[in-house]
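[1] Have a look; sequence and predicted model below, questions after that.
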2 protein chains.
Amino acid sequence: MTEARPGPRERMVFSAAQLIRRHGVAATGMREVAAHADAPRGSLQHYFPGGKEQLVNEAVQWAGRYAGKRIARFLAGLDEPTPSGLFAAMAAQWSDEYAADGFAAGCPVAAATVDCATSAEATRRAAAAAFTAWRAPLAAALTDLGVPAGRAESLATLMISTLEGAILLARAEQDTGPLTTAVRELGPLLDAAARP
Amino acid sequence: MTEARPGPRERMVFSAAQLIRRHGVAATGMREVAAHADAPRGSLQHYFPGGKEQLVNEAVQWAGRYAGKRIARFLAGLDEPTPSGLFAAMAAQWSDEYAADGFAAGCPVAAATVDCATSAEATRRAAAAAFTAWRAPLAAALTDLGVPAGRAESLATLMISTLEGAILLARAEQDTGPLTTAVRELGPLLDAAARP
DNA sequence: GCGCTACTATGACCAGTGTCATAAGCGGCG
DNA sequence: CGCCGCTTATGACACTGGTCATAGTAGCGC
């Protein structure tokens, strides 16, 4: 905590993502974001002249980049890299968080999609971009693991879909069961696609 | 439209589900629900003394029952009933709606989970119950189609997870691709589990 | 008609929102 | 010092939200 923390602007984007994860976009107030980021309220209009929508969009964008970057780290952490292992690692991040901190938070991109896809076109586009920023490196990783090029994109979409849905079920039921079920049932399918 | 429509109470629950589907829970106002249901505003506190939370919970509950009942109809509509065919029918309901009316609406249960899972315990429970009301008949249908008992529950969870996630992606990207991808990739897995 | 219940109508309240206007602090540089 | 940007501070505005209180109406058994 005492290490050199990032600037106020970055902190506010991060805090926005955290609060959106928990309460959704509409229920997250700007003042609340500033307070959570320990940032002055006056900075909001200075750094985000586009208002709440800009802040939300940047939070979504940030989440997409974050998810994309994690793919490489997951891969590096696997003993023997397989598609099923990668998927298991992705799901484990959520299982672990839920086991440790409770089921308070979901995926911010999902929250933004649910809350804004109809009402805010720019936010919907940001969410789509976030999913792309997540899927592209995932598909690339799958091809590296031996999945044929034509199949990798599809399987990446499937993995993200299933993971997002499992997160949703897990939160609703307050049980990580859906996450482990997804890994168990989808694993063989993923590995079968990687065999030459 | 001119047929004998249901009572105001039922209409309000239905309208609430529709509006939540589009804009999320927090962004849906009570007055808006009454207007959409063409119901008097004063009836809100009369039929739903528990306030907004009660209305939302009943809408979620209604959606769960609806999804559960559709399973039987989907099964009846299949030429040769298979798990993959059932899943395709479930996804097609969304693809068709999106193709016909645009990507304005998602799943109300998902919206309620994202918006209320952390803040309203009762709503979270209602969402969990809705998923159960959806999964139970789905698992029963799978066993009827030849899926071993131990596997049916898992596959039902997987189907719902993947479908919910694909709905999310489809809405964000305004493209039914994720839905068709889910059906294509998951179909063989489902049918393989039904073989004796 | 009476009385009772079910339902509707309407206005007020207060907490909360996003946004804006204005002004102050505050570094560094000339 | 004096000026001047980048930030921060603060209060006001207009508005909407859910909720409550109160009054009014409709229908029906008696």
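    All right, it came through fine. Numbering: from 1, shown residues only, chains lettered A, B, ... in the order given.
[2] how about the worst-scoring helix or strand of chain A on mean pLDDT: buried residues?
    Lowest mean confidence among the helices and strands of chain A (mean pLDDT, DSSP states H and E): helix A:42-47, at a mean of 91. Residues A:Ser43, A:Leu44, A:Tyr47 are the ones in helix A:42-47 that count as buried (16 or more other C-beta atoms under 10 Å in any protein chain shown). Where you see a C-beta, it was placed from the backbone N, CA and C, and this is true even at glycine.
[3] Just give the closest residue to A:Phe87, not the sequence neighbours.
    Spatially, and ignoring its direct neighbours in sequence, A:Phe87 is nearest to A:Met159 (5.5 Å; C-beta to C-beta, 6 or more residues apart in numbering or on different chains).
[4] List the contacts of that neighbour.
    Applying C-beta atoms under 8 Å, 6 or more residues apart in numbering or on different chains to A:Met159 gives the contacts A:Phe87, A:Met90, A:Leu138, A:Leu186, A:Leu190.
[5] Of all pairs in these, which one spans the longest distance?
    Spanning the widest gap among these are A:Leu138 and A:Leu186, at 13.5 Å by C-beta to C-beta.
[6] Is stretch A:11-25 in proximity to chain B?
    Yes. Judged by C-beta under 8 Å from any C-beta of the partner chain, stretch A:11-25 comes into contact with chain B at A:Arg22, A:His23, A:Gly24, A:Val25.
[7] For those residues, please prepare a markdown table with the additional fields secondary structure, neighbour count and pLDDT.
    Below are the residues of stretch A:11-25 next to chain B laid out as a markdown table (DSSP: H, G, I helix; E, B strand; the rest coil; neighbours: other C-beta atoms under 10 Å in any protein chain shown; pLDDT from 0 to 100):
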| residue | secondary structure | neighbour count | pLDDT |
| --- | --- | --- | --- |
| A:Arg22 | helix | 17 | 96 |
| A:His23 | helix | 22 | 96 |
| A:Gly24 | coil | 29 | 96 |
| A:Val25 | coil | 29 | 97 |
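[8] Show me which of these is closest to B:Lys69.
    Nearest member of those to B:Lys69, counting by C-beta to C-beta, is A:Gly24, at 28.2 Å.
[9] How about the contacts made by A:Leu138?
    A:Leu138 sits next to A:Gly68, A:Ile71, A:Leu86, A:Ala156, A:Met159, A:Ile160 when contact means C-beta under 8 Å, 6+ apart.
[10] A:Thr82 too?
    A:Thr82 sits next to A:Leu145, A:Leu190, A:Asp191, A:Ala194 when contact means C-beta under 8 Å, 6+ apart.
[11] Out of those residues, who's the most crowded?
    Using other C-beta atoms under 10 Å in any protein chain shown as the neighbour test, those are led by A:Leu190, with 23 neighbours.
[12] Nearest residue to that residue in space, please, no chain neighbours.
    A:Pro83 (3.7 Å).
[13] now that neighbour: how far from A:Ala194?
    Per C-beta to C-beta, to the nearest Å, A:Pro83 is found 5 Å from A:Ala194.
[14] How about A:Phe48?
    Distance of A:Phe48 to A:Ala194, given as C-beta to C-beta: 43 Å.
[15] Low-confidence stretches in chain A?
    A:1-5, A:196 (pLDDT under 70).
[16] What parts of it come near DNA strand D?
    Proximity of chain A to DNA strand D is confined to A:Pro8, A:Ala39, A:Pro40, A:Arg41, A:Gly42, A:Ser43, A:Gln45, A:His46, A:Tyr47 under the rule C-beta under 7 Å from any atom of the strand.
[17] Tabulate those residues in JSON lines, adding columns for distance to A:Gln54.
    JSON lines is the format used below for the residues of chain A next to DNA strand D (distance: C-beta to C-beta, whole Å):
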{"residue": "A:Pro8", "distance to A:Gln54": "15"}
{"residue": "A:Ala39", "distance to A:Gln54": "15"}
{"residue": "A:Pro40", "distance to A:Gln54": "17"}
{"residue": "A:Arg41", "distance to A:Gln54": "16"}
{"residue": "A:Gly42", "distance to A:Gln54": "16"}
{"residue": "A:Ser43", "distance to A:Gln54": "13"}
{"residue": "A:Gln45", "distance to A:Gln54": "10"}
{"residue": "A:His46", "distance to A:Gln54": "12"}
{"residue": "A:Tyr47", "distance to A:Gln54": "9"}
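[18] Pipe these into CSV and attach distance to chain B per row.
    Converted to CSV, those look like this (distance: C-beta to the nearest C-beta, whole Å):
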residue, distance to chain B
A:Pro8, 26
A:Ala39, 23
A:Pro40, 26
A:Arg41, 21
A:Gly42, 26
A:Ser43, 25
A:Gln45, 22
A:His46, 27
A:Tyr47, 24
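[19] Tell me the one among these nearest to DNA strand C.
    DNA strand C lies nearest to A:Gln45 out of those, by C-beta to the nearest atom of the strand, at 5.3 Å.
[20] Next, the contact list for the closest one, please.
    A:Gly51.
[21] Straight-line length of stretch A:73-86, end to end?
    Using C-alpha to C-alpha, to the nearest Å, the end-to-end distance of stretch A:73-86 comes to 10 Å.
[22] Distance from it to the middle of the chain?
    With C-alpha atoms, centre = their mean, to the nearest Å as the basis, stretch A:73-86 stands 18 Å off its chain's centre.
[23] picking that back up, distance check, the residue nearest to A:Phe87 against A:Val147.
    11 Å.
[24] next helix or strand past the helix or strand containing A:Leu168?
    Here A:Leu168 sits within helix A:149-173, counting by DSSP states H and E. Sequence order places helix A:177-194 as the next helix or strand after helix A:149-173, per DSSP H and E.
[25] Next, the buried residues of that following helix.
    Neighbour-count burial for helix A:177-194 [16+ other C-beta under 10 Å]: A:177-183, A:185-187, A:189-191, A:193-194.
[26] Please identify which of these is nearest to A:Glu97.
    Checking these one by one against A:Glu97 (C-beta to C-beta), the nearest turns out to be A:Leu179, at 10.5 Å.
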